[in-house]
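# Here you go, sequence then predicted model.
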Amino acid sequence: MTGFARYLTPTPEHRLLGLVCLGVGAQQVRRMSFDGRVLNCYGLMLVTRGGGWLEWGDRPRRRLPVRAPAAFVVFPGLYHAYQPDPQGWSERWVLFDGPAAGAHELLGGLDRDAPVIPLGPAVQSLGRLFDRLGEAVEPGAPHRDVVAAALVQQVLAELLVGRVDADLSRVVRYLDEHAVESLTVGDHARRLGLTEAALRDEVQRATGSTPKEYLLRARLSRAKRLLSTTDRPVQEVARAVGYDDPAYFTRLFTRRVGAAPTEFRRGTAG
């Protein structure tokens, strides 16, 4: 076994960032020396060569094959064990924790039911991020806790995007293009050739939101753009993003954005 391991001990101030990096390493493994364990933090392993298996969960435990290029996630409080094939594998790893990690679970990037993530070309960008992580945690590196946490966020964002395939991207592009139309979720599903249940599942996987919530956020984002880049009256902006009642639009915008449309416009004026 060759490689390196670096561990960090973040301060309470670092934990205010929402995510902390607790350790980074790399190793060439032929056989693991442990039968299984439970961590008190998250772990992400990037397998760049070889294969093996991951076992996880409460009894009955589940086992999945791992074949490079792939990543797999282990979760705090959840039993896991893993083992390379006799030929071994090349592994890079990072340990992390914090509320932001839980948010990535809610958004679908970290999935306890699908912890193994097959990788295609994305393994190259992840590899570069792990290279930078290794440099960030070297002794004497400036603000290494802050830089390492930011790089782990980038790794998690790559995994989140990597779970979105072409079909899911097609659904999200459609919703972005048609968000302002006066259609029900069922109407959108029929246009896409999906059931409402299938549409809900696909949008949740691709965006972390329900279709209704995603359409609302798309409308509000478009309204923000119109308010900040044009001088169109609020009534026109409301109609342009699908709301015939400007008073309702103003109440909704204020509740979700935290400022009334006119206040938002003043705050973004050049």
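Here it is on my side, so go on. These figures come from a predicted structure and were not determined experimentally. Numbers count the residues shown, from 1 in each chain.

# How far does stretch 248-266 sit from its chain's centre?
Distance of stretch 248-266 from its chain centroid, counting by CA atoms, centre = their mean, to the nearest Å, is 28 Å.

# mind exporting it as PDB, just the C-alpha atoms?
Extracted C-alpha coordinates of stretch 248-266, given in PDB (Å, rounded to 0.1, in the frame of the first residue of the first chain):
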ATOM      1  CA  TYR A 248     -50.500  38.200  -6.100                       C
ATOM      2  CA  PHE A 249     -47.100  38.200  -8.000                       C
ATOM      3  CA  THR A 250     -45.900  41.000  -5.600                       C
ATOM      4  CA  ARG A 251     -46.900  39.100  -2.500                       C
ATOM      5  CA  LEU A 252     -45.300  35.900  -3.800                       C
ATOM      6  CA  PHE A 253     -42.100  37.600  -4.900                       C
ATOM      7  CA  THR A 254     -41.800  39.500  -1.600                       C
ATOM      8  CA  ARG A 255     -42.300  36.300   0.400                       C
ATOM      9  CA  ARG A 256     -39.800  34.200  -1.600                       C
ATOM     10  CA  VAL A 257     -37.100  36.800  -2.400                       C
ATOM     11  CA  GLY A 258     -37.300  38.900   0.800                       C
ATOM     12  CA  ALA A 259     -37.900  42.200  -0.900                       C
ATOM     13  CA  ALA A 260     -40.800  43.600  -3.000                       C
ATOM     14  CA  PRO A 261     -40.200  43.800  -6.700                       C
ATOM     15  CA  THR A 262     -39.600  47.600  -6.600                       C
ATOM     16  CA  GLU A 263     -37.200  47.200  -3.700                       C
ATOM     17  CA  PHE A 264     -35.300  44.400  -5.600                       C
ATOM     18  CA  ARG A 265     -35.100  46.600  -8.700                       C
ATOM     19  CA  ARG A 266     -33.600  49.500  -6.600                       C
END
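
# Name the residues of it that are buried.
For stretch 248-266, a neighbour-count test (16 or more other CB atoms under 10 Å) marks 249-250, 252-253, 261, 264-265 as buried. The way it works is simple: take the backbone N, C-alpha and C, and place the C-beta from them, glycine included.

# ok, now which ones touch Y174?
188, 191-192 (CB atoms under 8 Å, 6 or more residues apart in numbering).

# picking that back up, could you dump the buried residues of stretch 248-266 into CSV with secondary structure and pLDDT added?
As requested, the buried residues of stretch 248-266 are arranged in CSV below (DSSP: H, G, I helix; E, B strand; the rest coil; pLDDT from 0 to 100):
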residue, secondary structure, pLDDT
F249, helix, 96
T250, helix, 96
L252, helix, 95
F253, helix, 95
P261, helix, 95
F264, helix, 93
R265, helix, 91
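
# would you turn the contacts of Y174 into JSON lines with distance to E236, secondary structure and neighbour count?
Shown next, in JSON lines, are these (distance: CB to CB, whole Å; DSSP: H, G, I helix; E, B strand; the rest coil; neighbours: other CB atoms under 10 Å):
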{"residue": "H188", "distance to E236": "25", "secondary structure": "helix", "neighbour count": "22"}
{"residue": "R191", "distance to E236": "27", "secondary structure": "helix", "neighbour count": "13"}
{"residue": "L192", "distance to E236": "30", "secondary structure": "helix", "neighbour count": "17"}
